[in-house]
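**Q** Quick one, structure for this:
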Amino acid sequence: MDFPSQEFQDPDHEPFHFGSNAVGCISCTTFNILAPIYKRLNNKRRESEFRELWFHRNERILDRLLHLKSSIICLQEFWVGNEEVVGMYEKRLGDAGYVTYKLSRTNNRGDVFSGFQMEPEFLLFIKADGSQILNLSVKGLLTAVNKNQFRVLNSREFLFHDISDRVALLLHVELFDCFSQNQSVDKKKEALIVNTHLIFPHDSSYCFLRSQQVYMILQYIQSYFDEHQLPSVPIILCGIGDWNGSKKGHVYKFLRSQGFVSSYDIAHNYMDIDDDSDKWISHRNHRGNVCGVDFIWLLNPYKHQKPLKESFMEALLGNIRNLLSKASTGSVDPLHFFKMDGNYITYSQFCQALAKLHLCGSSHNGLSNEDIKDLWEYLDTDRSGVIDLLQYTTAQNMHPSSLLKEDDEKNGEKLEEMFHSSTSTLTMIGFKVKNATFFPPEVGKGIWPEYYSLSDHAHLTVEFSLVEMNRNEEFLFHSM
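**A** Below is the predicted model:
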């Protein structure tokens, strides 16, 4: 069988090589490697039915990853239920000096669609030596870190227990002293690495579930800081790799309001404006649409951020506003969904309007009763039990996109404390984005190349330099 291999062999398609061995630099690659049960073949069958296909493609993916030599590798849609695939990755990454962590989605979540329900599927494969393997087509996450650069202090599995059985994998790592050329300064050289994969937005109502998933991840991270009494350390968030969402979505704006920056956009000086929202793509989905959904997010210590719950409420309001606009004709005010008593909206009227938008009740991808109550309390600022039109309009206009600062894209503004008011005088480390590239490189120009067959996602690699930082000082922009 003839397997396409141009994407790995053609040197013209190699923009540059990331070396993670330079003193004071680390690199991170995020890659949704496309679970074989998702890969559709021309005859409408799936790649998972043909061992020679998924085995060879995963070998090529590993060739690519080992060629990059990134310090950190975050994979999504990793076939955790296939012991041969797991063994292949653990063996080759282990031989290359990586320690690996994997996490499957809950409830043995498989990927065989029956309407909108997904059930686990069992497949029997015959190995090359004639032995049989029973495979559960469950997918999940894999995170690998170079053990010559990091010591893993702790790992934590975050289980969402939502309708999509999503998960997140956190690693708390310490950077070895070889990163520092100046040993006279006492530096805290720790970081958090988080890998996850948000649900695909099947329709506009899924934006609420996606916002809830991000909210849970950030709550998990905050609880980890509290539990371990950590000072501020940098956070690299991959998927939060494959986000299944673009810069125009409220998930992006939610994270930006929490101080996170998109590493690729920082490297290429792209701003949070419409003109820059479609500069690059990273995914061609099962509908044939191309979009930019793969991110490596960075949050440095002491970065200013809004209260988490406030950002979450603003994200929900932004999603509601979008639904109201779509549900209304151009000549009808979206507020007609609220049957108001004069200029006031009661809690009952508010809930009725959300029900008309199919956002409460039995909807699994809408708002929970707790979300609705929290949203009401956020809007009812004077605690009068009703919301006047001015309150609602003001809150709707304060969605995250109106609060982002252009200078947040610079990586060098004055820093403020993030989670704790620690009095420690330790100099912390932060990360400065040096470079970022997608592969295949054409996607950086908004073009999906037909030769590319490793996945339906491009992979993103970002190189960071280490910088010293202090709560009361700005970044000290020199490598350690």
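**Q** and for stretch 443-453, what are the contacting residues?
**A** 4, 6-7, 57, 268, 278-282, 284, 290, 437-438, 440, 442, 458 (Cβ atoms under 8 Å, 6 or more residues apart in numbering). C-betas here are computed from N, CA, C, even on glycine.
**Q** From those, which land in strands?
**A** 284, 290, 437, 438 (DSSP state E).
**Q** re earlier: now the buried members of the contacts of stretch 443-453.
**A** Among the contacts of stretch 443-453, those scoring as buried are 7, 57, 268, 280-282, 284, 290, 437-438, 440, 442, 458 (criterion: 16 or more other Cβ atoms under 10 Å).
**Q** need those residues in JSON lines with pLDDT and distance to residue 85, can you?
**A** Shown next, in JSON lines, are the buried ones among the contacts of stretch 443-453 (pLDDT from 0 to 100; distance: Cβ to Cβ, whole Å):
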{"residue": "7", "pLDDT": "47", "distance to residue 85": "20"}
{"residue": "57", "pLDDT": "98", "distance to residue 85": "10"}
{"residue": "268", "pLDDT": "96", "distance to residue 85": "34"}
{"residue": "280", "pLDDT": "94", "distance to residue 85": "29"}
{"residue": "281", "pLDDT": "93", "distance to residue 85": "27"}
{"residue": "282", "pLDDT": "94", "distance to residue 85": "23"}
{"residue": "284", "pLDDT": "92", "distance to residue 85": "23"}
{"residue": "290", "pLDDT": "91", "distance to residue 85": "27"}
{"residue": "437", "pLDDT": "97", "distance to residue 85": "26"}
{"residue": "438", "pLDDT": "97", "distance to residue 85": "24"}
{"residue": "440", "pLDDT": "98", "distance to residue 85": "23"}
{"residue": "442", "pLDDT": "97", "distance to residue 85": "28"}
{"residue": "458", "pLDDT": "97", "distance to residue 85": "21"}
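**Q** Quick check: which element contains residue 191?
**A** Following DSSP states H and E, one finds residue 191 within strand 190-196.
**Q** Parallel or antiparallel, list what pairs with that strand.
**A** strand 167-175 (antiparallel), strand 235-238 (parallel) (DSSP bridges).
**Q** ok, back up a step: what's the closest of the ones in strands among the contacts of stretch 443-453 to residue 238?
**A** Nearest to residue 238, judged by Cβ to Cβ, of those is residue 438 at 14.1 Å.
**Q** quick one: the residue nearest to the closest one when sequence neighbours are not counted from residue 301, how far?
**A** Ranked by Cβ to Cβ, 6 or more residues apart in numbering and with sequence neighbours excluded, the top spatial neighbour of residue 438 is residue 458, at 4.5 Å. For residue 458, the distance to residue 301 equals 30 Å [Cβ to Cβ, to the nearest Å].
**Q** Likewise for residue 217?
**A** According to Cβ to Cβ, residue 217 stands 19 Å off from residue 301.
**Q** what stretches of the stretch 201-350 of the chain score poorly on pLDDT?
**A** For the stretch 201-350 of the chain, the stretches with pLDDT under 70 are 201-205, 239-248, 304, 328-337, 339-341.
**Q** what about the strands in it?
**A** 235-238, 261-262, 283-284, 290-291, 296-299, 344-346 (DSSP state E, counting those that start in this stretch).
**Q** Ok, the stretch 51-200 of the chain next?
**A** In the stretch 51-200 of the chain, the strands defined using DSSP E, counting those that start in this stretch lie at 72-78, 98-104, 112-114, 117-119, 122-126, 132-136, 140-146, 150-159, 167-175, 187-188, 190-196.
**Q** As JSON lines, the ones you listed with mean neighbour count would be great.
**A** Compiled in JSON lines, the strands of the stretch 51-200 of the chain are given as follows (neighbours: other Cβ atoms under 10 Å):
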{"stretch": "strand 72-78", "mean neighbour count": "28"}
{"stretch": "strand 98-104", "mean neighbour count": "19"}
{"stretch": "strand 112-114", "mean neighbour count": "11"}
{"stretch": "strand 117-119", "mean neighbour count": "12"}
{"stretch": "strand 122-126", "mean neighbour count": "13"}
{"stretch": "strand 132-136", "mean neighbour count": "14"}
{"stretch": "strand 140-146", "mean neighbour count": "25"}
{"stretch": "strand 150-159", "mean neighbour count": "16"}
{"stretch": "strand 167-175", "mean neighbour count": "21"}
{"stretch": "strand 187-188", "mean neighbour count": "18"}
{"stretch": "strand 190-196", "mean neighbour count": "25"}
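**Q** Residue 64 is nearest to which of the ones you listed?
**A** Nearest to residue 64 among these is strand 72-78 (10.6 Å), distances taken as Cβ to Cβ.
**Q** ok, and for stretch 445-453, which residues are buried?
**A** Of the residues in stretch 445-453, 448, 452, 453 count as buried by neighbour count, 16+ other Cβ under 10 Å.
**Q** how about low-confidence regions in the stretch 1-150 of the chain?
**A** Residues of the stretch 1-150 of the chain that meet the cut-off, pLDDT under 70, sit at 1-23, 106-137.
**Q** residue ranges for the helices of it, please.
**A** All helices of the stretch 1-150 of the chain, identified by DSSP state H, counting those that start in this stretch, fall at 6-9, 51-68, 83-95.
**Q** Please work out which of those is packed deepest.
**A** Comparing these on average neighbours per residue, with mean count of other Cβ atoms under 10 Å, the densest one is helix 51-68 at a mean of 17.
**Q** Show me what it packs onto, helices and strands only.
**A** For helix 51-68, the elements it packs on are helix 6-9, strand 25-32, helix 83-95, judged by 3 or more Cβ pairs under 8 Å, 6 or more residues apart in numbering; DSSP states H and E.
**Q** angle of the longest one against strand 140-146?
**A** Counting by axes from the mean of the first three to the mean of the last three Cα atoms, to 10 degrees, helix 83-95 points 20 degrees away from the direction of strand 140-146.
**Q** ok, back up a step: right, and out of the buried residues of stretch 445-453, which lies closest to residue 87?
**A** Distances from residue 87 to the buried residues of stretch 445-453, taken by Cβ to Cβ, are shortest for residue 453, at 23.5 Å.
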